[in-house]
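# Would you be able to build a 3D model of this:
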Amino acid sequence: APDILAFVRAFTVHVEGVGHVCSLALFDFERHGDVRYGAPVNGVGGQRSCEGKMEKSYVNFKLHHPSWRQAHAGDALLDKISGGSSVHAHLAR
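Next comes the predicted model:
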């Protein structure tokens with residue numbers, strides 16, 4: 001239980017109009033990114049997602065919600081893992 005509470009304290013942020021959410025769900029690559037899994041930048045050491053889970057979640061979310069738009073960091077992830085191919089055109093369909 002102490003580990004769960006520590007996680008909730010460390011990864012909970014307030015979003016105006018939404019309330020408190022897990023910061024990983026915001027796809028904040030500057031805070032949680034890991035370049036080993038395609039993120040455009042490395043996040044803070046103890047704040048990086050485990051084994052690229054946030055990056056994988058982002059790709060899965062974009063596949064299921066292609067019209068959803070996020071800051072350019074997500075597009076940079078898609079460009080990086082696709083080798084610059086037309087992954088955006090595929091996701092926009």
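# Could you use CA atoms for every contact and neighbour count after this?
Fine.
# list the contacts for the residue most central in space within the chain?
With distances taken as CA atoms, centre = their mean, the residue of the chain nearest its centroid is F27 (2.8 Å). With contacts defined as CA atoms under 8 Å, 6 or more residues apart in numbering, F27 is in contact with 54-55, 58, 74.
# Okay, and which of those map to helices?
54-55, 58, 74 (DSSP state H).
# mind checking how far P40 is from V15?
Remark: distance between P40 and V15 (CA to CA, to the nearest Å) = 23 Å.
# So those two - more neighbours on which side?
The residue with more neighbours, out of P40 and V15, is P40; 21 against 12, by other CA atoms under 10 Å.
# Can you list the residue ranges for helices in this protein?
Under the criterion DSSP H, helices of the chain are mapped to 2-11, 29-32, 53-64, 72-82, 87-91.
# Looking at those, which one is packed in the most?
Ranked by average neighbour count under the criterion mean count of other CA atoms under 10 Å, the helices of the chain are headed by helix 29-32 at a mean of 21.
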